[in-house]
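Asks: what follows is a predicted protein model with its sequence.
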There are 4 protein chains.
Amino acid sequence: MKIGMIGLGKMGSNMRERLRRSGIEVVGYDLDENLRDADSIEEMVEQLESPKIVWVMVPHGDPTRSTVEKLGELLQEGDLIIEGGNSKYTEDRELDAIMEPKGIGYVDCGVSGGIWGLDNGYGLMCGGRDADVERAMPVFDALRPEGPREEGFVHAGEVGAGHYAKMVHNGIEYGLMHAYAEGFELLLAKDIVKDVKGCFQAWSRGTVVRSWLLDLLVTALDDTPELKGIDEYTTDSGEGRWTVEEAIENAVPMPVISAALFARFASRQENSPAMQAVAALRGQFGGHAVKM
Amino acid sequence: MKIGMIGLGKMGSNMRERLRRSGIEVVGYDLDENLRDADSIEEMVEQLESPKIVWVMVPHGDPTRSTVEKLGELLQEGDLIIEGGNSKYTEDRELDAIMEPKGIGYVDCGVSGGIWGLDNGYGLMCGGRDADVERAMPVFDALRPEGPREEGFVHAGEVGAGHYAKMVHNGIEYGLMHAYAEGFELLLAKDIVKDVKGCFQAWSRGTVVRSWLLDLLVTALDDTPELKGIDEYTTDSGEGRWTVEEAIENAVPMPVISAALFARFASRQENSPAMQAVAALRGQFGGHAVKM
Amino acid sequence: MKIGMIGLGKMGSNMRERLRRSGIEVVGYDLDENLRDADSIEEMVEQLESPKIVWVMVPHGDPTRSTVEKLGELLQEGDLIIEGGNSKYTEDRELDAIMEPKGIGYVDCGVSGGIWGLDNGYGLMCGGRDADVERAMPVFDALRPEGPREEGFVHAGEVGAGHYAKMVHNGIEYGLMHAYAEGFELLLAKDIVKDVKGCFQAWSRGTVVRSWLLDLLVTALDDTPELKGIDEYTTDSGEGRWTVEEAIENAVPMPVISAALFARFASRQENSPAMQAVAALRGQFGGHAVKM
Amino acid sequence: MKIGMIGLGKMGSNMRERLRRSGIEVVGYDLDENLRDADSIEEMVEQLESPKIVWVMVPHGDPTRSTVEKLGELLQEGDLIIEGGNSKYTEDRELDAIMEPKGIGYVDCGVSGGIWGLDNGYGLMCGGRDADVERAMPVFDALRPEGPREEGFVHAGEVGAGHYAKMVHNGIEYGLMHAYAEGFELLLAKDIVKDVKGCFQAWSRGTVVRSWLLDLLVTALDDTPELKGIDEYTTDSGEGRWTVEEAIENAVPMPVISAALFARFASRQENSPAMQAVAALRGQFGGHAVKM
């Protein structure tokens, strides 16, 4: 099997490598000359055999949209595009609506795994029509972790459902991380507790909270005792925001994940305007001193 | 009528003044020689006529406890103690259990009004036995705002209920202030909005959110345009914490007031340990750069 | 002065009446024959003198959009549309972009006041160009509460800023209501508190939490003691959701208002799927009985 | 080695069994005649050799307190009590203060593992003086999971620190469970997602959110597709409440874990009094219909 791949950044390059290790030929294209196998998207498409499969792995938003639209002009009826980036599911729906009349298949695929994926495999969540997903299955099987397919791959539903599942996955991740983080802060604050890292490590086996994130937190505490010197500043990607927006859209109460998202916003503020207002109000009615 | 008052700080002094304006004699005692009318609690008690009434207005915790216990030794059956400070209701229950066998009445009274109370009157919430509350009514009527009694005074329930009601009042206050504060921050963040103060001021009449706190926020925005330079640092008094603790004790969901309380905690942190943990975790699994 | 008004529902009819009371002529149009003064929008527009002003007061979304677009065909350069409904500010921006090239002015105006507005006046927040707002000022002055203009009216900023301010107003309202509601629930839960309504009423004067909403809650507790029999089911309008979405868009932490919004979502659920999941999980690891 | 164990319920019996499997003799006592090895605590204590070790595994609160106090009379200088139940850490501090003058060692130990512990081992978190913990180490090594000691055991700090760590563990557990639960609800609500269980299962390997709780949720979804018929009703144990109370006590913001706790409270309400208040307020100012 031979597929095209557009976008050879940190994720894309590793995925190309994992595909090659399992015997799938990959013709890669990237803006960076040092990374690519073909010098243009046209050239890449020409090197594939019909029906052609192209995996798109570029930043979401305009880059993904323009890349898919360009493929829509180069590919033909019966070919297949897999959008493996971080698109919002609504974008998938719009792009599919352009491809569908041309007879070009469209499958969206959320990819989890980060820097660990090359060796351990990537968790994959895809959305699309049955026949399209079926056709791409050798690619998915090569990328996902070894073991039973259903433990590392899901055909979640219609076009968009793959990125939707990945979005929810990331939202959950926000909540999980913050739950551990709150526990960390409380243990650190309590004087009778002398070995905070030891507590987390002791939960690694046999307790209800054991998880991969817990293991990573233990590693982080090994690397940086009590996390001293690490700045609270934390960015957020689109998926966390989209998850809460979707909760609102679907009238789903989401206090935990939204709290985790808001805490990230707050971590980037030097001085919270909301708390300035609270402080100012207290100064007005209570004669409480206001710090300037 | 003539009563004793122990504790002549900012609140106590103003209350003594308001009582005197309405014709009630007050013998005040304070550690500060310049404020007091009598040089000791004993002397103060001696100057009162039986059955005696003493209003206690000292810091909550040990000062209140030791003051009330001392009064328990100086007063006699039929006398009455009004605990007007910020005691936790459980403290009232304990102190009453000491006074009750001696036949000394105990009424707890939450007092709201701050620096505005002297002229406008104080909102009063009291707890105790009917006969004791009835006896203290001239004092309450002198302190509360003019107008119908029930709009500035309540006999909320048993001993402790007054401070309980005041505690809940303050918890609500936390939530109200933070709701305005979040709105302030969002308006300030939005580029198309050019007159944030004007928005709040326009709500002063005729809109659903009009309130005294809103008026104060407008004043604060007049004093300090856009609150520039005010520090987010905000302390919290016992009542906010107790309110959420009572919510937990009584299995009452309290997301709004607890969020307002937690935001105050966060306003005093230089670097959030919880967010350090989140940042460190992201560094572990995503290869995201961690700021040091 | 003579203006047109489209939409004579509960709000529109009252506003027409208030305008007429202050001497402004109004030609109203509505789908309902019994309410309208003109039998078509065309007829209504014809009865106005140039430069013409038309106030639009129909449901947000498609009705507002199609009405404004129709006015765009009937009105001429120099005329003015005031969108007084509950449009999202983004809709205002889009509609203005259609009107601006035609030389038709566009002002958006958030209106607060509900059933009390006819007699007390409406809180008004508008957005638009200075000249357009200036032209509409007699209309605004007639609708707003008496007293200083700035206490019932604001020109908040660019086109869209009026509805934006109204949106934030409603978001704040969600938070305020829920803060009182949490306090109500806690007071009700506590056995030593015997007079819950009395507590709220005692805060009406002289305390920090006094407000119009507090007065309404006292009235509600008068009407329905302890609110017995009232169903928790609470709907939410667009503004609450939009406020939280805008908070996410602008990276503004909004724990209080979002919690109030989520509580409304939850109030409409028979059985929370999230809590089903928690119950099921506890059944898995703890052998805790799961209720079916 | 031979130790005593008081309390042979679900947990205690399994722990006795695991200890015996690893060669430690256990003399157990329980109120239930069918479970116990000795017919009284006195008899149990007599059968041990000095210095004696007794593991207490009875319900927290009064049963634990009276059991430990009784042991304080039966044991002698140099003996050791291990409190392995769910005591609050403050209780440990008080009991140790009674034992310490008698020269009786006191170690508190939080035990995690539930019904899986017998075969997999229990996660152990203990607090106490170094010498006491050292003496009990063979017991801890027998109970904890196989593998490196530090991955299933921690000496967290002073007396009380063990139960403190276990309390925080359980608080984190609340947050983790609710994060997955919110994700479940959103996936279930979205029409384009057709295989909700498949999504969770696909995260089992290779994704950031993989954990034991995730595996359990997949099992639960296997047992009860889409969790249909499971009631939302969820109880809460002391530890979740204590965690949030400690957060308040130590000024630690804890939005995520508190939200998870509040959601449990709400799951047990037929009709939320807070939302009754919100509904009633809306009825007052908006003329919105109130459901009765």
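Replies: Noted; the coordinates are in hand. A quick note: this is a predicted structure, and the numbers were derived from the prediction, not measured.

Asks: near chain C, which residues of the stretch 151-292 of chain A show up?
Replies: Taking Cβ under 8 Å from any Cβ of the partner chain as the test, the list of the stretch 151-292 of chain A residues beside chain C reads A:208, A:236, A:241, A:244-245, A:248-249, A:251-255, A:258-259, A:261-263, A:265-266, A:268-269, A:272, A:274, A:285. Backbone N, C-alpha and C define where each C-beta goes, glycine included.

Asks: residue boundaries of the helices in the stretch 101-250 of chain A?
Replies: Taking DSSP state H, counting those that start in this stretch, the helices of the stretch 101-250 of chain A run over residues A:117-120, A:130-143, A:161-189, A:196-202, A:212-223, A:238-249.

Asks: what is the last one packed up against?
Replies: Yep, that's helix A:238-249 we're talking about. Contacts defined by 3 or more Cβ pairs under 8 Å, 6 or more residues apart in numbering or on different chains; DSSP states H and E place helix A:238-249 against helix A:161-189, helix A:255-267, helix C:238-249, helix D:161-189.

Asks: just to confirm, which helix or strand has A:V27 in it?
Replies: strand A:25-29 (DSSP states H and E).

Asks: CA atoms only for that strand - export them in CSV, please.
Replies: Extracted C-alpha coordinates of strand A:25-29, given in CSV (Å, rounded to 0.1, in the frame of the first residue of the first chain):
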residue,chain,number,x,y,z
GLU,A,25,4.9,3.3,1.5
VAL,A,26,4.5,7.0,2.2
VAL,A,27,5.1,9.9,-0.1
GLY,A,28,5.3,12.9,2.1
TYR,A,29,5.0,16.6,1.3
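
Asks: OK, contacts around the nearest residue to A:A38 once chain neighbours are set aside?
Replies: In this structure, A:A38 finds its nearest non-sequential neighbour in A:M44, 3.9 Å apart by Cβ to Cβ, 6 or more residues apart in numbering or on different chains. Counting by Cβ atoms under 8 Å, 6 or more residues apart in numbering or on different chains, A:M44 touches A:4, A:6, A:27-29, A:37-38, A:54.

Asks: A:M44 and A:N34, how far apart?
Replies: Separation of A:M44 from A:N34 (Cβ to Cβ, to the nearest Å) stands at 16 Å.

Asks: same deal with A:L75?
Replies: From A:L75 to A:N34 the distance is 26 Å (Cβ to Cβ).

Asks: swap in A:V27?
Replies: Distance, A:V27 to A:N34, by Cβ to Cβ: 16 Å.

Asks: same thing with A:T207?
Replies: Note on A:T207: its distance to A:N34, by Cβ to Cβ, is 47 Å.

Asks: more neighbours, these two?
Replies: More crowded of A:T207 and A:N34, by other Cβ atoms under 10 Å in any protein chain shown: A:T207, with 29 against 6.

Asks: A:A131: how many residues sit nearby?
Replies: So A:A131, with other Cβ under 10 Å, has 9 neighbours.

Asks: just list whatever residues bridge to the nearest residue to it once chain neighbours are set aside.
Replies: Once flanking residues are discounted, A:A131 sits nearest to A:G105: 7.6 Å by Cβ to Cβ, 6+ apart. Taking DSSP bridges as the rule, A:G105 bridges to A:L80.
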